[in-house]
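Engineer: please work out how this folds:
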Amino acid sequence: MGRRQTPESLVALYDRSYWEDSEEVGYDGYGAAEKRKRHHFSTLLDQLEVFTSPGVMLEIGSAYGYFLDEARSRGWQARGIEPSAHAAGYARAKLGLDVSRGPAEALRIDRDSLDAVVLWDVIEHLSDPRRTLTCAHRALRSGGVVALSTGDVDSLSARLHGADWSLMTPPWHQFYFSRATMRRLLEDVGFTVEHVGGDGVVAVDPASERPRLPSPLGLILRSKAATKIARRFGAGMTMFVFARKLPTT
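Structural biologist: Numbers count the residues shown, from 1 in each chain. Alright, predicted model coming up:
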């Protein structure tokens with residue numbers, strides 16, 4: 001999977017081309033996908049607010065700031081950390097958001113001061129996920145929530161596609177988690193896992209260059225109906241995890 005990157009070399013990977021260049025590994029037009037991403041982030045806020053009311057939030061890996069902007073519109077006091085100079089600059093200049101370059105452990109965040117910390121499709125990019133989650137745990141109030149999403153390396157999609165799984169992209173992705181290893185990490189840090197859901201993508205990997213299933217079956221599994229059913233049962237190649245900081249005794 002390639003050698004581990006230093007924090008400095010990781011940051012260098014996320015220049016403008018990562019966000020906007022169709023010829024490079026990355027998002028291929030993050031800005032053009034704003035409407036779709038805002039809708040997705042709105043659904044994630046719906047899920048987050050099942051576990052906590054709007055309060056003080058930190059997003060780690062806030063990209064262009066669309067999630068933060070949606071949260072702000074709902075009454076959250078939201079700030080972000082984004083190491084990419086390009087993305088952080090966009091969030092500050094275009095949306096007027098409070099976004100720092102980080103890293104989280106270097107910022108002055110008071111202990112027990114946050115109600116929520118979110119990391120959407122971020123934890124796999126970090127040089128030290130445990131350290132970042134430990135920092136989040138320290139900053140959260142008792143009962144505060146950490147919410148994250150990441151690929152499930154033990155999902156059927158990942159196991160079918162192997163090295164051709166679209167989320168198998170070192171050096172951008174430094175770590176790969178299963179639901180079991182993610183739960184273990186969060187519990188080791190001091191969280192209790194409240195809920196784990198999935199994106200509904202089962203077996204088929206729409207972004208893989210080498211699909212593993214015959215077209216008729218693949219089309220069925222990619223249908224809106226099949227995806228909705230799978231999501232209802234918490235299945236998918238991407239997991240969404242909501243965990244709570246245990247109250248101190």
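
Engineer: where does this protein have low pLDDT?
Structural biologist: 1-10, 13, 21-27, 106, 214, 249 (pLDDT under 70).

Engineer: biggest strand in it by residues?
Structural biologist: In the chain, assigned by DSSP state E, the strand with the most residues is strand 140-151.

Engineer: buried residues in the helix or strand just after that strand?
Structural biologist: Using DSSP states H and E, the next helix or strand after strand 140-151 towards the C-terminus is helix 156-161. Using 16 or more other Cβ atoms under 10 Å as the test for burial, helix 156-161 gives 156, 157, 158, 160, 161. C-betas here are computed from N, CA, C, even on glycine.

Engineer: could you do stretch 160-179 as well?
Structural biologist: Buried residues in stretch 160-179, defined by neighbour count with 16+ other Cβ under 10 Å: 160-161, 165-168, 172-177, 179.

Engineer: measure it end to end?
Structural biologist: Stretch 160-179 has its terminal residues 17 Å apart, counting by Cα to Cα, to the nearest Å.

Engineer: check which helix or strand covers residue 216.
Structural biologist: Using DSSP H and E, residue 216 falls in helix 215-221.

Engineer: alpha carbons only: can I get that helix in PDB?
Structural biologist: Provided in PDB are the C-alpha atoms of helix 215-221 (Å, rounded to 0.1, in the frame of the first residue of the first chain):
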ATOM      1  CA  SER A 215     -24.100  -6.000 -15.800                       C
ATOM      2  CA  PRO A 216     -27.600  -7.200 -15.200                       C
ATOM      3  CA  LEU A 217     -26.900  -8.000 -11.500                       C
ATOM      4  CA  GLY A 218     -24.800  -4.900 -11.100                       C
ATOM      5  CA  LEU A 219     -27.600  -2.700 -12.500                       C
ATOM      6  CA  ILE A 220     -30.100  -4.300 -10.000                       C
ATOM      7  CA  LEU A 221     -27.800  -3.700  -7.100                       C
END
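
Engineer: contacting residues around the helix or strand that that helix is followed by?
Structural biologist: Sequence-wise, the next helix or strand downstream of helix 215-221 (DSSP H and E) is helix 224-232. Helix 224-232 is contacted by residues 197, 198, 199, 200, 201, 202, 220, 221, 236 when judged by Cβ atoms under 8 Å, 6 or more residues apart in numbering.

Engineer: list just the nearest of the residues you listed to residue 91.
Structural biologist: residue 199 (24.5 Å; Cβ to Cβ).

Engineer: now do that closest one: how many residues are near it, please.
Structural biologist: Residue 199 has 21 neighbours, counted by other Cβ atoms under 10 Å.

Engineer: correct me, but it touches residue 234?
Structural biologist: No: assessed by Cβ atoms under 8 Å, residue 199 is found out of contact with residue 234, at 9.9 Å.

Engineer: what is in contact with the two at once?
Structural biologist: Contacts common to residue 199 and residue 234, judged by Cβ under 8 Å, 6+ apart, are absent.

Engineer: what's the longest helix along the chain packed up against?
Structural biologist: Secondary structure of the chain read by DSSP state H shows that its longest helix is helix 34-51. For helix 34-51, the elements it packs on are helix 66-73, strand 114-120, strand 140-151, strand 191-198, strand 238-245, judged by 3 or more Cβ pairs under 8 Å, 6 or more residues apart in numbering; DSSP states H and E.
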